[in-house]
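K.L.:
my questions concern the predicted model and sequence given below.
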There are 2 protein chains.
Amino acid sequence: MVAFLPMIYVAWADGELAPAEMGTICERIRRLARLPEPCSKLLGRWLDPASPPSARDLQRLLATIRRRAAGLSHRERITLTELGVLLARAEGGVSEVERQALVAVEESLGVAGSEAARQLLATRRPAAGPVTPPASFPVAALTRYLDQPRAELRQRVREILRRPEFRYCGDDLDRAAYRQQVLAWCRALAAEGLGALSFPRRCGGRDDTAGFVAVFETLAHHDLSMLVKFGVQFGLFGGSILHLGTARHHDRYLKDAGSLELPGCFAMTETGHGSNVQDLETVATFDRERGEFVIHTPHPGARKDYIGNAACHGRLATVFAQLELDGESYGVHAFLVPIRRPDGTPCPGVEIEDCGAKLGLNGVDNGRLSFERVRVPRRNLLDRFATVDEEGRYDSPIPSGKKRFFTMLGTLVGGRVSIALAALSATKSALAIAIRYANRRRQFGPPGEAETALLDYRTHQRRLLPPLAATYGAHFALRHLAERYAATMEELDRREVETLAAGLKAFATSHATRTIQTCRECCGGQGYLAVNRFAALKADSDVFTTFEGDNTVLLQLVAKGLLTGLKKQFSEMNLFAFVRHVAGQAATSLAERNPVTTRLRDQSHLRDRDVQLAALRWRESHLLTTVARRLKKRLDRGEDSHAALIACQNHLVKTAEAHVERLILERFAAALEACPTPELTPVLTLLCDLFALERLEHHRAFFLEQGYFEPAKAKAQASEETLHRAPPPRRASGQR
Amino acid sequence: MVAFLPMIYVAWADGELAPAEMGTICERIRRLARLPEPCSKLLGRWLDPASPPSARDLQRLLATIRRRAAGLSHRERITLTELGVLLARAEGGVSEVERQALVAVEESLGVAGSEAARQLLATRRPAAGPVTPPASFPVAALTRYLDQPRAELRQRVREILRRPEFRYCGDDLDRAAYRQQVLAWCRALAAEGLGALSFPRRCGGRDDTAGFVAVFETLAHHDLSMLVKFGVQFGLFGGSILHLGTARHHDRYLKDAGSLELPGCFAMTETGHGSNVQDLETVATFDRERGEFVIHTPHPGARKDYIGNAACHGRLATVFAQLELDGESYGVHAFLVPIRRPDGTPCPGVEIEDCGAKLGLNGVDNGRLSFERVRVPRRNLLDRFATVDEEGRYDSPIPSGKKRFFTMLGTLVGGRVSIALAALSATKSALAIAIRYANRRRQFGPPGEAETALLDYRTHQRRLLPPLAATYGAHFALRHLAERYAATMEELDRREVETLAAGLKAFATSHATRTIQTCRECCGGQGYLAVNRFAALKADSDVFTTFEGDNTVLLQLVAKGLLTGLKKQFSEMNLFAFVRHVAGQAATSLAERNPVTTRLRDQSHLRDRDVQLAALRWRESHLLTTVARRLKKRLDRGEDSHAALIACQNHLVKTAEAHVERLILERFAAALEACPTPELTPVLTLLCDLFALERLEHHRAFFLEQGYFEPAKAKAQASEETLHRAPPPRRASGQR
Ligand SMILES: Cc1cc2nc3c(=O)[nH]c(=O)nc-3n(C[C@H](O)[C@H](O)[C@H](O)COP(=O)(O)OP(=O)(O)OC[C@H]3O[C@@H](n4cnc5c(N)ncnc54)[C@H](O)[C@@H]3O)c2cc1C
Ligand SMILES: Cc1cc2nc3c(=O)[nH]c(=O)nc-3n(C[C@H](O)[C@H](O)[C@H](O)COP(=O)(O)OP(=O)(O)OC[C@H]3O[C@@H](n4cnc5c(N)ncnc54)[C@H](O)[C@@H]3O)c2cc1C
């Protein structure tokens, strides 16, 4: 009988067997006629669905089995039958008939292989051993590579942030105190010369735009309120004086802006107009008599809103307003307007409101500004792109108003570059926390074994590793953008950099919002405690998708840029001819793609960088040519362009996204090529593949619909196996 | 010459023409040999790329054109040529030669149709007219339908929440004060009898489970800290006594729990174990001598963590611990353990820590509890499912330990149902705010016209309307679940309800996180101000995906439930046979689908509810059978089930999601059928179609890969037009 104990226990302990099933098992045993009468009777009684054993009986049964099995480990892979036979050894073993009965019962129970026996024998879980496997690549070398360019400057910033006075404290302070703390931090950074870095040497700076961007990126690993206040003061306020003003303004203001002696604001957005800057309603009327501009807020919707530094600390503001001269409007221009006196009270005619509690960035004092016919001298017009002389004569080196407007805005592209990099820094912080935790935290496991580390769960890998790969891709693309940006400071027409910045800003900030959210969720309850930083990371970075250009609006800008770019390539043709041309192209490119490609599905093919790049390029060009065709059709029908663009809006946004993804893969591939440490090639290759393959999988419906992939290939793409094989789960990830 | 002014202006003002292009235009004009010499000379000078006009010249030119065009409106759809001809009328009109020249120049400029002329003539934008079109359906009737069941009770709760003492204030208070406010709110709700609703009448309640759930759902439109504290006290703490205890416990505690005289905790989670409840490490050893249980925290990882009400207010806690008797472990059981004395100090042996600042829900005092051999009387075991008698004999109506454990947990499913409904309420609040704003807020527009309302942008519709449709679907599915839940209170085996609750909880809470985020972003800067509520909605609801069961873990539970369900249908077969059976099915169902379906793509077909349902059902069953096959293969190979499940984890999760989506569409369709107001059919049909089509579009790669759709059909699905036609943009949405 002993041999049957394990099965009897399992039959009841599992709790899944319905009485009818129990009956079936009994029946089956009874039919094994040759089983000795007493034995089959006893079994019948034990398995009688009408009189189940008590909880205590079951517990005792388990104790008996375990006692008898002493010495057997749950690691042994044996079936319940084998276990029964072993248990019965002390009692003289089992007969062949009994063995057959055992097999029959085990089969009826429908328990899988050796699992049931293991569960029976497993007692306490052992504690988990040390988790971290050795890194499969030289970590320090990767860190070094990722720190390029400006490694020392980054290192210096990190050291400053490690000082005790920079200890995090946002969660412990009330809003007023937090704002003061953030101001103090910014002053400390200014004292280190970091704020003025991009200003001319003669104004206390170092003419180092690239350095300023690198500093900003690094600061984004710390408190983001500090970062944004730093950005408002030095990047936006200082930057507007630097880029829109002339030497006179530089000499007069930049030194104090850079030292934070003169806290300032960048007052562009109004309550009624955020994305649509061209339609701002604040007016700056030139009063020829007195040689002054009169800054005025005509109605509450035209007050400046969300303005950083406005609620408490700002003294001077760069105010964007419609310049009016003799009743004619010359479009949006920037003016320096004092808003607060040194004692902190608002200047006459300036009304200041506090925006109050925000979703995040509560260390930044955002406020609203209204102007009641506030007068400023003529020289307060930031006059790099437009002047008004004593006689009230307007002049500009750029005759076209439209072009002047976009050139002005274009000089502010540095903010976009910086915010994109900052979003990525926040993403890296979140991923570092979540992946490290996933490498250590264990939950659930096989019976009798240590629990499984979260990072070994496929769902967890899916949640965290593709975002990690995309973060690497965006890293290389953004570092490249930052270089291009700094290198083209002198050029006025930087449309390429602007398009790049708009696209990558949208990508990086949406990626940040998504990824930080995922990281929070991947850490379960811990993720919800402020001490683990996701609270601040999430809340503070959330607005990155909105400010420095709303992402949906930016992506449309990118798409329009691509359409213009296409047009430029054919500058001899007019718009119509050009659209007809690109419309024709769609067909060509479809024919050009390699028909073999569509059917190959082996790993090496999928991991061929050229194949990946070709697919992303094809997608971009297909989307671009088809949207051009759709737009043309509508324009031909006489629709105005606003309506036509709206009708194709989602298509335009997709086109822009496709463009950005292709760019990122190209930059990733280039960074791989350029990597000076051959030992890093394998790990970077894995990440690059993971980025590319995840994108191809994500868009596989598109590729299938277009016939670029055939179903079998798309499935290979999608399959767990492919993506899983890309990063060996515990290597490429948990190490950094 | 006057006739050429508009073109000259456009040529320069556009700012897009490169010098080379300008040259081309001049060249072309010169070639129109028959143009009078002075005229072509003048034109040549105006268009000379080497000497562009000054900004002032251009401005004057514009003023001249506008003056001459007085009376012409920008609404007139005329080309630049036509405008030029009109302007020249006063000067005697244009010759045929001049007209040809005009046409030629306009063509060279590559400006589209009448747009350029409109831009020229447009001056100020007019203010926007009233926005809201009349509702296309009886709004009150829809409200009534959505308020079912328990409309009056919901109305009563809404009225209570409208009282001045319930004014929002979470953003203005520090943590300590906020916690007190939330406690006060909960007391006020208890005083209204809302907390005890589900308790027996003799304990001050009304035996009204369905009512309690409806109250909870409605409260979720207010401060979510209040909601969660309410849920902890009455749902979790009270509910654990109600469902796991017996009459003795009910009589002794429920009255005070329901009035909040006795604030309590539900202490299940430990630092080391959250999702994996079975492996909790707190122990409750029975001391036979003294007839007491000794509750003990063996190490810091076993302290109770994140426990609501623990940091400040809780006095008694339901503590989950491993019951040990004579050195044998009987698994997790619940014990009532006093943790705080009436004066607020911790009871002896109990150590209490504050979890501190959290991402959200800062009005709830979450804390940590450690027990240093704390003794409680034997009767403090909540003994509905297991008793220990004076002699220390364990007994249970459920012999199987595993089954007992899951039955115990199963009684707590109400928390899951409630949180799912609460998540949906928060989603509805967010959508109401964002859609109303989108209907009013305007940004950008065609020249000279009022700006366009955000809701008229296709991207904005895409962002907000599918989530709106899914919210309706989830609403009907969850209301149905709540009814099923309340109706099965007496049943012990409620696996169907449990699976449903797990699936819909995961769906509703993930949907909430995603949708509230989208709503925030759709409101731009306004969305970031705390006053507009997204800050609190986002932060407070964020943890809903984690507590009451982590979503990733729950979806795996659902999938396992589906596999077990399949198995039950074939209870005669053992697991092996069953898996073989379902594996076979995949092929059959593939063959069974209607081959015509795959090619039809017209609107009526896509909007056929049966077609939609068939597709979602097919997807679910395909995923289920294929995952069963994959699991079987692995088990056959001798893999243990933990490893096998991990290998198929993403597939399992997808299967569960497919199941939930199918269920939601079914419930949506049923609610449509059951709607008593025929006038609501069109709007509900639109929303239901939108939900179904968006899901089909989302999964179109799957359908393509499986050959269920052919590419042309999938494209029809995906096309803007289809989805756009579903909800007439300004009707189905902005109205509520
Ligand atoms: C914390 C914070 C700090 C800020 N600091 C400053 C500052 O220091 N100085 C300053 O000048 N400004 C500042 N801003 C303002 C910020 O730049 C604007 O909020 C941003 O430009 C968006 O404008 P908006 O809020 O008016 O949104 P809107 O432009 O009204 O956009 C609202 C929504 O409509 C959508 N939308 C708009 N237009 C279109 C379209 N054509 N097609 C499709 N969808 C569209 C957008 O995608 C968005 O979702 C700050 C804002 C915040 C929140
Ligand atoms: C604000 C708040 C209030 C709370 N209130 C209470 C309360 O009053 N009483 C109480 O008892 N508890 C409470 N909790 C605890 C809550 O129930 C747990 O946080 C939750 O159960 C998750 O457990 P965990 O935090 O340990 O996460 P874990 O279980 O460690 O999960 C962490 C991550 O790992 C993933 N994961 C885990 N297991 C698997 C697997 N098998 N496969 C794939 N992925 C997996 C999860 O998806 C998750 O992303 C509260 C928590 C919070 C944050």
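P.N.:
Looks like it arrived, so ask away. Ligands and ions are numbered 1, 2, ... in the order given.

K.L.:
and the residue in the stretch 1-150 of chain A that chain B sits nearest to, how many neighbours?
P.N.:
Nearest residue of the stretch 1-150 of chain A to chain B: A:G15, at 2.8 Å (Cβ to the nearest Cβ). C-betas here are computed from N, CA, C, even on glycine. Neighbour count for A:G15, taken as other Cβ atoms under 10 Å in any protein chain shown: 16.

K.L.:
got a list of what A:V94 touches?
P.N.:
When contacts are counted by Cβ atoms under 8 Å, 6 or more residues apart in numbering or on different chains, A:V94 touches A:3, A:84-85, A:88, A:102.

K.L.:
may I ask which two of those are separated the most?
P.N.:
Within the contacts of A:V94, A:A88 and A:L102 form the most distant pair, 9.4 Å apart (Cβ to Cβ).

K.L.:
what residues are shared contacts of these two?
P.N.:
Counting by Cβ under 8 Å, 6+ apart, the shared contacts of A:A88 and A:L102 are A:3, A:94.

K.L.:
quick one: which of those two has more around it?
P.N.:
Relative neighbour count places A:L102 above the other of A:A88 and A:L102, with 24 against 21, counting by other Cβ under 10 Å.

K.L.:
beyond the helix or strand that A:I435 is a member of, next helix or strand please.
P.N.:
Remark: A:I435 resides in helix A:413-440, with elements defined by DSSP states H and E. Following helix A:413-440 in sequence order, the next helix or strand is helix A:458-487 (DSSP H and E).

K.L.:
report the buried residues of the helix or strand just after that next one.
P.N.:
Next helix or strand after helix A:458-487 toward the C-terminus (DSSP H and E): helix A:495-522. Neighbour-count burial for helix A:495-522, counted by 16 or more other Cβ atoms under 10 Å in any protein chain shown, picks out A:497-522.

K.L.:
same for helix A:495-522, what does it pack against?
P.N.:
helix A:413-440, helix A:458-487, helix A:534-541, helix A:551-569, helix A:649-674, helix B:495-522 (3 or more Cβ pairs under 8 Å, 6 or more residues apart in numbering or on different chains; DSSP states H and E).

K.L.:
pick out the residue of the stretch 451-600 of chain A closest to ligand 1.
P.N.:
The nearest approach of the stretch 451-600 of chain A to ligand 1 comes at A:T552, 3.4 Å away (Cβ to the nearest ligand atom).

K.L.:
how many residues are close by that residue?
P.N.:
For A:T552, using other Cβ under 10 Å, the count is 24.

K.L.:
not counting its neighbours along the chain, what's nearest it?
P.N.:
B:T459 (5.3 Å; Cβ to Cβ, 6 or more residues apart in numbering or on different chains).

K.L.:
would you mind measuring from that neighbour to A:G503?
P.N.:
Separation of B:T459 from A:G503 (Cβ to Cβ, to the nearest Å): 16 Å.

K.L.:
helix or strand right after the helix or strand hosting A:W618?
P.N.:
Using DSSP H and E, A:W618 sits in helix A:609-636. Sequence-wise, the next helix or strand downstream of helix A:609-636 (DSSP H and E) is helix A:641-647.

K.L.:
now check that following helix, is it near ligand 1?
P.N.:
No. Helix A:641-647 is not in contact with ligand 1 by Cβ under 6 Å from any ligand atom; minimum separation 7.4 Å.

K.L.:
run the chain-centre distance for that helix.
P.N.:
Helix A:641-647 sits 30 Å away from the centroid of its parent chain (Cα atoms, centre = their mean, to the nearest Å).

K.L.:
what's the answer for stretch A:267-285, then?
P.N.:
That offset, for stretch A:267-285, works out to 30 Å (Cα atoms, centre = their mean).

K.L.:
tell me the buried residues in it?
P.N.:
By neighbour count on 16+ other Cβ under 10 Å, the buried set for stretch A:267-285 is A:267-277, A:279-285.

K.L.:
also stretch A:315-330?
P.N.:
Buried, per 16+ other Cβ under 10 Å, within stretch A:315-330: A:315-325, A:330.

K.L.:
so which of the residues you listed reach chain B?
P.N.:
Within the set of the buried residues of stretch A:315-330, contact with chain B (Cβ under 8 Å from any Cβ of the partner chain) is found for A:Y330.

K.L.:
export the buried residues of stretch A:315-330 to JSON lines and tack on pLDDT, secondary structure and distance to B:E372?
P.N.:
As requested, the buried residues of stretch A:315-330 are exported to JSON lines (pLDDT from 0 to 100; DSSP: H, G, I helix; E, B strand; the rest coil; distance: Cβ to Cβ, whole Å):
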{"residue": "A:R315", "pLDDT": "98", "secondary structure": "coil", "distance to B:E372": "58"}
{"residue": "A:L316", "pLDDT": "98", "secondary structure": "strand", "distance to B:E372": "61"}
{"residue": "A:A317", "pLDDT": "98", "secondary structure": "strand", "distance to B:E372": "60"}
{"residue": "A:T318", "pLDDT": "98", "secondary structure": "strand", "distance to B:E372": "62"}
{"residue": "A:V319", "pLDDT": "98", "secondary structure": "strand", "distance to B:E372": "64"}
{"residue": "A:F320", "pLDDT": "98", "secondary structure": "strand", "distance to B:E372": "65"}
{"residue": "A:A321", "pLDDT": "98", "secondary structure": "strand", "distance to B:E372": "68"}
{"residue": "A:Q322", "pLDDT": "98", "secondary structure": "strand", "distance to B:E372": "72"}
{"residue": "A:L323", "pLDDT": "98", "secondary structure": "strand", "distance to B:E372": "74"}
{"residue": "A:E324", "pLDDT": "97", "secondary structure": "strand", "distance to B:E372": "77"}
{"residue": "A:L325", "pLDDT": "94", "secondary structure": "strand", "distance to B:E372": "81"}
{"residue": "A:Y330", "pLDDT": "94", "secondary structure": "strand", "distance to B:E372": "77"}
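
K.L.:
of the buried residues of stretch A:315-330, closest to chain B?
P.N.:
Nearest to chain B among the buried residues of stretch A:315-330, with distances taken as Cβ to the nearest Cβ, is A:Y330, at 6.7 Å.

K.L.:
contacting residues around that closest one?
P.N.:
Applying Cβ under 8 Å, 6+ apart, we find A:Y330 in contact with A:322-324, A:386, A:394, A:401, B:55, B:59.

K.L.:
point out the residues in the stretch 401-550 of chain A that sit beside ligand 1.
P.N.:
Proximity of the stretch 401-550 of chain A to ligand 1 (Cβ under 6 Å from any ligand atom) is limited to residues A:543, A:546-547, A:550.

K.L.:
please tell me I have it right and the residue of the stretch 451-600 of chain A closest to ligand 1 contacts A:V653.
P.N.:
Yes. Here A:T552 lies in contact with A:V653, judged by Cβ atoms under 8 Å, at a distance of 6.7 Å.
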